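**Q** Show me the folded form of this:
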Amino acid sequence: MSSFDGVSVTREANVYFDGKVTSRTVTLANGEKKTLGVMLPGEYEFGTADSEIMDILSGELEVQLPGDDVWTAVSGGGQFEVAANVTFSVKVTVLVDYCCSYG
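**A** This next block holds a predicted model:
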């Protein structure tokens, strides 16, 4: 899906890591929330409250999911899933445009 119809967008940005990661919250007509954002190159650790599906629209990163010793490469068109109430790490190598869906 390349666009969302009938949504509301929270005006204030979510800004993390001194502005190197930013997103906007989008609420669909059915109440489902997503974030649309950008991550600049760097290494980041995130915590989850809900399960997440991270769709990488463009760019390149490596992700280390909880319990994994390896880093997995994900690029534009790819995705990964993260469970609720965990932390995970990413290494962004090329600016990433992403869409995150919450479970």
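**Q** so where do the strands sit in this protein?
**A** 8-9, 14-16, 21-27, 33-39, 42-47, 52-64, 72-75, 79-82, 87-102 (DSSP state E).
**Q** neighbours of C99, just the number please.
**A** 18 (other C-beta atoms under 10 Å). No exception for glycine: its C-beta is placed from N, CA and C like everyone else's.
**Q** Relative to S2, which of the strands of the chain is closest?
**A** Closest to S2 of the strands of the chain is strand 52-64 (C-beta to C-beta; 9.1 Å).
**Q** Only the buried residues of the closest one, if you could.
**A** Along strand 52-64, the positions that meet the burial threshold by neighbour count (16 or more other C-beta atoms under 10 Å) are 52, 54-57, 59-64.
**Q** before we move on, the earlier item: could the strands of the chain go into TSV alongside distance to S2?
**A** Output for the strands of the chain, formatted as TSV (distance: least, C-beta to C-beta, whole Å):
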stretch	distance to S2
strand 8-9	16
strand 14-16	22
strand 21-27	14
strand 33-39	12
strand 42-47	25
strand 52-64	9
strand 72-75	18
strand 79-82	15
strand 87-102	10
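**Q** check contacts around the closest residue to A13 other than its chain neighbours.
**A** Excluding its sequence neighbours, the residue lying closest to A13 (C-beta to C-beta, 6 or more residues apart in numbering) is T22, at 5.2 Å. With contacts defined as C-beta atoms under 8 Å, 6 or more residues apart in numbering, the neighbours of T22 are 13-16, 37-38.
**Q** Then F17?
**A** For F17, the contacting residues are 42, 44, taking C-beta under 8 Å, 6+ apart as the criterion.
**Q** before we move on, back to that, specify the beta-bridge partners of the residue nearest to A13.
**A** Residues in a beta bridge with T22, per DSSP bridges, are V15, V38.
**Q** Great, nothing more from me.
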